[in-house]
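*Asks:* Quick one: sequence plus predicted model below, questions after.
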Amino acid sequence: MVKLSNPGYVASLLAQQGIRLKKKWGQNFLVDENILQKIVHTAKLEPTDSVLEIGPGIGSLTQKLAEKAKVVTAVEIDARLLLVLQATLADYDNVFLIHQDAMDFDWRAHCSQNSVKLVANLPYNVATPLFYRWLKEYRDCFSLFVCMVQKEVAQRIVAHPGGKEYGALAVICQYAGRCEIAFNVPRTVFFPRPDVSSAVVKITPVVNPSYDVGEESFFFRLVDAVFSQRRKTLFNTLHAALPFSKEELAEVGDVAGIDMSRRGETLSVEEFALISRLLYTRSGGV
Ligand code: SAM
């Protein structure tokens, strides 16, 4: 097996292929055996598991996943790396490589048979939009997400109301799953070293969340509207975004026991759900 946790070896492998790494694709590869093992351990892989990996890079994490899981499907945007991956993963007959932009990937087509664990060191520029998509539209496809992301993104996922990190990402992720930061990752374990620190987040999606929001797409719209103008009061953001009069909003606030002059960023997930349910019911479904 080609050992990829050696920065010198990785540098020469890339040089041999004439590959200059691209920052826009977040091409910082994990070269630390211990962190690779910790990611795999966090995913609690079983021999029956199907794994989807986004951005296999040169295959360092892919190798570890392939050793534990039944099958690994890895989606990589960079055609140059596909050639490298064919070599570094040559010993594994349970890895399927797909050359595609993850933003265009057909999640349902790949998850329809059985639920899948998504395990990845995510490219930083697409991590947040992917989490929105997975948790809003496709969470029934996945049994677990174990993903390395920028530390700041990890903190935004687990944030509590009131802080500057709390926003739509926290509300959506915490509504749709159980979220935790599994561990932090220093810059030193990558080749080349990124400018920022990372963390591994673990999200266990919940297909039927315990919060009654009335209707889910309405709830998502409401959350997005509130955080698109986070300095404004609930009164103003909801009035601007949804077809309710201020009187109706005041009545809903009274029933919910929520002061509508509060800013949305102070609302818990439960309070967002309550307002969503009351407004949705009142609208008769808008
Ligand atoms: N998994 C490898 C590791 O841990 O060493 C590489 C992770 S590196 C942070 C991110 C990888 O995602 C790169 O290989 C990059 O080319 C790929 N990538 C970037 N944007 C992508 C996208 N939109 N779709 C699929 N792959 C992408």
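*Replies:* Good, I have the coordinates. Numbering: from 1, shown residues only.
*Asks:* Name the nearest residue to the closest residue to the ligand within the stretch 51-200 of the chain, ignoring sequence neighbours.
*Replies:* Residue nearest to the ligand within the stretch 51-200 of the chain: G55 (2.1 Å; C-beta to the nearest ligand atom). Heads up, the C-betas are built off the backbone N, CA and C, glycines and all. Spatial nearest neighbour of G55, chain neighbours left out: P123 (4.9 Å); criterion: C-beta to C-beta, 6 or more residues apart in numbering.
*Asks:* ok, that neighbour - how many residues close by?
*Replies:* Counted with other C-beta atoms under 10 Å, residues neighbouring P123 total 21.
*Asks:* so how many other residues sit close to the residue of the stretch 51-200 of the chain closest to the ligand?
*Replies:* Using other C-beta under 10 Å, G55 is surrounded by 25 other residues.
*Asks:* Correct me if wrong: it contacts A102.
*Replies:* Yes. G55 is within contact range of A102, at 7.2 Å (criterion: C-beta atoms under 8 Å).
*Asks:* Give me the common contacts of those two.
*Replies:* With contacts taken as C-beta atoms under 8 Å, 6 or more residues apart in numbering, G55 and A102 have 75, 77, 123 as neighbours in common.
*Asks:* I'd like the list of these that fall within strands, please.
*Replies:* By the criterion of DSSP state E, membership of the shared contacts of G55 and A102 in strands covers V75.
*Asks:* Of the shared contacts of G55 and A102, which ones also sit close to the ligand?
*Replies:* Contacts with the ligand within the shared contacts of G55 and A102, as defined by C-beta under 6 Å from any ligand atom: 75, 77, 123.
*Asks:* Do I have it right that L4 meets V31?
*Replies:* Yes. Here L4 reaches V31: they are 7.0 Å apart, a contact under C-beta under 8 Å.
*Asks:* does I39 sit in a helix or strand, and which one?
*Replies:* Element membership for I39 (DSSP states H and E) is helix 33-42.
*Asks:* Residue numbers of the protein in contact with the ligand?
*Replies:* Within reach of the ligand by C-beta under 6 Å from any ligand atom, the chain has these residues: 25-30, 54-57, 60-61, 75-78, 81, 101-103, 121, 123, 126.
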